[in-house]
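> this one's sequence-less:
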Ligand code: DAH
């Protein structure tokens, strides 16, 4: 076989293989096999020494010409493949900027937060300002100034979380009523506030008892405030929350910080007062406690009980939701089950 013939076969095979190299890796492998240090053409050039001296120059030239041709073919192929590779990666990475964005999961306010906002709005229209108080209280505000004596069962460690007994007795507030005294200490009549917030009791949990729950306290103090004002305000609340046909009921009850004290109820909107599962067949739903502020409470904050009178009330916020929306178990509110909470989801404003 002449030198030219073997170069021609190498050339033919090399160009055919390069033509079929579909990606950069195959092309690089091709370069290694034909043009690399151990490649076929290099081996051929090394073998030239075995030729007779007069044939060597021509064979060397022919081999170098082929080497240049193959190198040029490789460079062209490599450039084309690299461009194709870039195109492919760009196509893979492409983002369709005209597609709508992914909707992020947007939360909603908690039903208790919604109810507090609703109650605040209703009372704002009746002239009540919403104020907030501390959840960690002294026994002085939580009990003493509310005319709750130290032997009262509500002060028992069994239903109160006591945080510190060293100097002042520090407790988690058991109701929002301590804000009555705090508010009156800070301002002079006329006073009209509502106080929403968390309360805590050391309590065994069941469908109607939680160790953490929310109340909304109300307090109005001025000259000539009477029980008629209290009844009017709570009647309006019931109608706003549960509908214009609602009737309210007041019955005598005892709370140390009011005299007289009442519990108040609204006729059940679900059965219209006939009796159903939600009102436990009584036709009435109990909304909370209320009464005329006790003279001792007024005295305790330096108000003159001869001049000023007032009313106070306390609502259970979860209780309002349970009554209005037919929630059977108070534990659902802090249970963090999204299936429950989503039923109250509202668009955010
Ligand atoms: N603080 C009372 C409780 O937690 C509720 C209450 C009753 C509040 C009568 C009042 C009231 O303001 O006048 O049981």
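Structure's in. What do you need? Values in this document were obtained by computation on a predicted structure and should not be read as measured data.
> quick check: closest non-adjacent residue to residue 169.
Spatial nearest neighbour of residue 169, excluding adjacent residues (CB to CB, 6 or more residues apart in numbering): residue 139 at 3.8 Å. No exception for glycine: its C-beta is placed from N, CA and C like everyone else's.
> go on, residue 142?
Closest to residue 142 by CB to CB, 6+ apart is residue 178, at 4.8 Å.
> what residue in the stretch 151-300 of the chain comes nearest to the ligand?
The stretch 151-300 of the chain approaches the ligand most closely through residue 289 (2.6 Å), counting by CB to the nearest ligand atom.
> that residue pairs with what?
Counting by DSSP bridges, residue 289 is bridged to residue 263, residue 314.
> wait, it touches residue 316, no?
No. Counting by CB atoms under 8 Å, residue 289 sits too far from residue 316 to count as a contact (9.6 Å).
> residues near the residue in the stretch 1-150 of the chain that the ligand sits nearest to, how many?
The ligand sits closest to residue 146 of the stretch 1-150 of the chain, with a gap of 7.8 Å, by CB to the nearest ligand atom. Using other CB atoms under 10 Å, residue 146 has 24 neighbouring residues.
> now do it against residue 297, distance only.
Going from residue 146 to residue 297 by CB to CB, to the nearest Å gives 6 Å.
> make sure residue 259 is indeed in a strand.
Yes. Remark: residue 259 belongs to a strand, assigned using DSSP: H, G, I helix; E, B strand; the rest coil.
> what helix or strand does residue 43 sit in?
Assessed by DSSP states H and E, residue 43 sits inside helix 40-46.
> packing partners for whichever helix or strand comes after that helix?
Downstream of helix 40-46, the next assigned helix or strand under DSSP H and E is helix 56-93. Under the contact criterion of 3 or more CB pairs under 8 Å, 6 or more residues apart in numbering; DSSP states H and E, helix 56-93 touches helix 3-20, helix 24-35, helix 40-46.
> buried set for helix 56-93?
59, 62, 63, 66, 67, 70, 73, 74, 77, 78, 81 (16 or more other CB atoms under 10 Å).
> state the mean pLDDT of the helix holding residue 43.
On average, the pLDDT along helix 40-46 is 88.
> again with stretch 113-120
97.
> ok, now stretch 314-322?
So the average pLDDT for stretch 314-322 ends up being 94.
> so which residues make contact with it?
Stretch 314-322 is contacted from outside by 111-112, 115-116, 119, 175-177, 196, 210, 213-218, 241, 286-290, 327-328, 330, 333, using CB atoms under 8 Å, 6 or more residues apart in numbering.
> cutoff 6 Å now
Stretch 314-322 has contacts (CB atoms under 6 Å, 6 or more residues apart in numbering) with 111-112, 115, 213-217, 287-289, 327, 330, 333.
> what kind of secondary structure is the most centrally placed residue in the chain in?
For the chain, residue 107 is the residue whose C-alpha lies nearest the centre (CA atoms, centre = their mean; 5.3 Å). Applying three-state DSSP to residue 107 yields a three-state assignment of coil.
> quick one, phi psi at it?
phi -80, psi -180 (degrees, to the nearest 10).
> so it versus residue 344, what's the distance?
As for residue 107, its distance to residue 344 is 11 Å (criterion: CB to CB).
> what residues do these two have in common as contacts?
The contact sets of residue 107 and residue 344 do not overlap (CB under 6 Å, 6+ apart).
> hmm, back to that, count the residues that sit near the residue of the stretch 151-300 of the chain closest to the ligand.
Residue 289, neighbours per other CB under 10 Å, totals 22.
> might one say that it is in contact with residue 255?
Yes. The pair residue 289 / residue 255 is scored as a contact, 5.4 Å apart, by CB atoms under 6 Å.
> check the nearest residue to residue 120 once chain neighbours are set aside and give its pLDDT.
The shortest distance from residue 120 to any non-neighbouring residue, by CB to CB, 6+ apart, is to residue 130 (4.5 Å). pLDDT for residue 130: 98.
> give me the neighbour count for residue 130.
Around residue 130 there are 16 residues (other CB under 10 Å).
> list phi and psi for it.
phi -90, psi 120.
> so it touches residue 192, yeah?
No. Contact between residue 130 and residue 192 fails when scored by CB under 6 Å: they sit 10.6 Å apart.
> common neighbours of residue 146 and residue 297, please.
Overlap of the contact sets of residue 146 and residue 297 (by CB under 6 Å, 6+ apart) consists of residue 257.
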